[in-house]
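S.K.: give the three-dimensional model of this entry:
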Amino acid sequence: MTAPPIESIHSHRYWDRSIEPVHRVDPGTEVALVLGDASGGQILATDGPEAIGLLDLGQVNPCTGPIAVDGLEPGDGLVVTIVDISPSPWAWTANIPGFGLLADDFPDARLWISTVSGGRLHTPIGAEIEIRPMIGTIGVAPAAAGRHPILVPAAHGGNMDIAQMGAGSELHLPVMVPEALFSAGDAHAPQGDGEVCGTGAETGATLTVRLDRASRPHPGTPWFTHEAPVLDRRCTATTGIGPDLFEAARESTRRAVELVVASTGVAPVDAYLLLGLIGDLRISEIVDAPNWVVSLHIPARFL
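M.R.: Numbering: from 1, shown residues only. Predicted coordinates for the structure are as follows:
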């Protein structure tokens, strides 16, 4: 069963169980959602870095929806199968002052406008990256009444920015209100695990999903299955080691920025943006107290 496409004009910029659904579907229905880019149309393909200073963060991450799934009740699980993500022909990546893992290190705005063609993202520094379209913000309405921020992930899903949330993945969400009220937005052409610079290759997209009822009650927080991407055969990884995971993540990212700069000669801020697209941040060790290890993996072909 296939439903008519849901256009991006049917969007919201906060989570709220009182938002009226734009469409109702039966379980098992396939539906296409047209997604605006994460800036909500504030950034254009012709813009320069001055556009970042004008960005209204209250307008970012618009989510198309919500879609009501008939018969679902709190305690049920909603199964979201991502059938396809078709990105727009261009994308933006930015250093937004005050935002990102190394916000203290990079206080000035920087904006990349990249093109998407032939299965690749063509960046303004010459790096070409195989696209791996994924959805950053995806979820259902939360149980608590009132407005909830769109940028903060929670048990209902939301802005999780999971790099593996692409075609072929199956996301299981806890139903918290009648009919679930599913929405999605914030597509990326690619994004590295961790999205360290605060942005991926932000793009509009058409997302096709199948919405169904899970066969058993949901445990309470999102879980998913995915196709593991074929990684480069060889990577270089930097590390951060210490008793604070966040600081260890920052340290490994700083070392990675230095490594990319030394290897390629690009400006540090451009190395930072590149890592937001191709770097995979991982917890490598969290049992040998008092210090934990975070590593950032860089495909060798970018060095």
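S.K.: alpha carbons only for contacts and neighbour counts from here, please
M.R.: Fine.
S.K.: can I see the domain layout of the protein?
M.R.: 11-225, 235-302 (automatic domain parsing).
S.K.: so which helix or strand takes in the residue lying closest to Asp104 once chain neighbours are set aside?
M.R.: Among residues not flanking Asp104 along the chain, Gly98 sits closest, at 7.2 Å (CA to CA, 6 or more residues apart in numbering). Using DSSP states H and E, Gly98 sits within no helix or strand.
S.K.: doesn't Ala109 make contact with Gly98?
M.R.: No. Using CA atoms under 8 Å, Gly98 is not in contact with Ala109; the gap is 9.6 Å.
S.K.: neighbours around Pro5, how many?
M.R.: For Pro5, the number of neighbouring residues by other CA atoms under 10 Å comes to 15.
S.K.: revised request: answer the last question for Gly118.
M.R.: With other CA under 10 Å as criterion, Gly118 counts 9.
S.K.: now it: how far from Thr236?
M.R.: Using CA to CA, to the nearest Å, one obtains 27 Å as the distance from Gly118 to Thr236.
S.K.: try Arg110
M.R.: Relative to Thr236, and taking CA to CA, Arg110 is found at 26 Å.
S.K.: next: Gly71.
M.R.: 49 Å.
S.K.: which one's more surrounded, the two?
M.R.: With neighbours defined as other CA under 10 Å, Gly71 and Thr236 compare such that Thr236 has more, 16 against 13.
S.K.: may I see the buried residues of the host helix or strand of that one?
M.R.: Applying DSSP H and E as the criterion places Thr236 in strand 235-242. Neighbour-count burial for strand 235-242, counted by 16 or more other CA atoms under 10 Å, picks out 236-242.
S.K.: was I right to think Gly36 contacts Ala184?
M.R.: No. With contact defined as CA under 8 Å, Gly36 does not count as touching Ala184 (10.1 Å).
S.K.: once you drop chain neighbours, what's closest to Ile138?
M.R.: Ala184 (4.2 Å).
S.K.: the one you found: what's it in contact with?
M.R.: 33, 35, 63-65, 135, 137-139, 158 (CA atoms under 8 Å, 6 or more residues apart in numbering).
S.K.: repeat that for 10 Å
M.R.: Going by CA atoms under 10 Å, 6 or more residues apart in numbering, Ala184 touches 11-12, 33-35, 61-67, 135-140, 157-159, 207.
S.K.: show me where the stretch 151-300 of the chain has strands.
M.R.: For the stretch 151-300 of the chain, the strands defined by DSSP state E, counting those that start in this stretch cover 157-159, 170-174, 182-188, 202-203, 205-213, 223-225, 235-242, 280-285, 292-299.
S.K.: looking at these, which is closest to Thr253?
M.R.: strand 292-299 (6.5 Å; CA to CA).
S.K.: avg pLDDT for the closest one?
M.R.: Regarding strand 292-299, the rounded mean pLDDT is 97.
S.K.: CA atoms of that strand as CSV?
M.R.: Extracted as CSV, the C-alpha positions of strand 292-299 are listed here (Å, rounded to 0.1, in the frame of the first residue of the first chain):
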residue,chain,number,x,y,z
TRP,A,292,38.5,5.9,28.6
VAL,A,293,39.6,5.9,25.0
VAL,A,294,37.8,7.6,22.1
SER,A,295,39.2,7.3,18.6
LEU,A,296,38.4,9.1,15.4
HIS,A,297,38.9,7.1,12.2
ILE,A,298,39.8,8.8,8.9
PRO,A,299,39.8,6.9,5.6
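S.K.: packing partners of it?
M.R.: Contacts defined by 3 or more CA pairs under 10 Å, 6 or more residues apart in numbering; DSSP states H and E place strand 292-299 against strand 235-242, helix 245-264, helix 268-278, strand 280-285.
S.K.: wait, which of those is closest to Pro217?
M.R.: strand 280-285 (29.8 Å).
S.K.: can I get that closest one as CSV, trimmed to CA atoms?
M.R.: Taking C-alpha atoms only, strand 280-285 is exported to CSV below (Å, rounded to 0.1, in the frame of the first residue of the first chain):
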residue,chain,number,x,y,z
ASP,A,280,33.9,8.2,12.4
LEU,A,281,34.1,8.9,16.1
ARG,A,282,34.0,5.8,18.3
ILE,A,283,34.3,4.8,22.0
SER,A,284,37.1,2.3,21.8
GLU,A,285,37.4,1.5,25.5
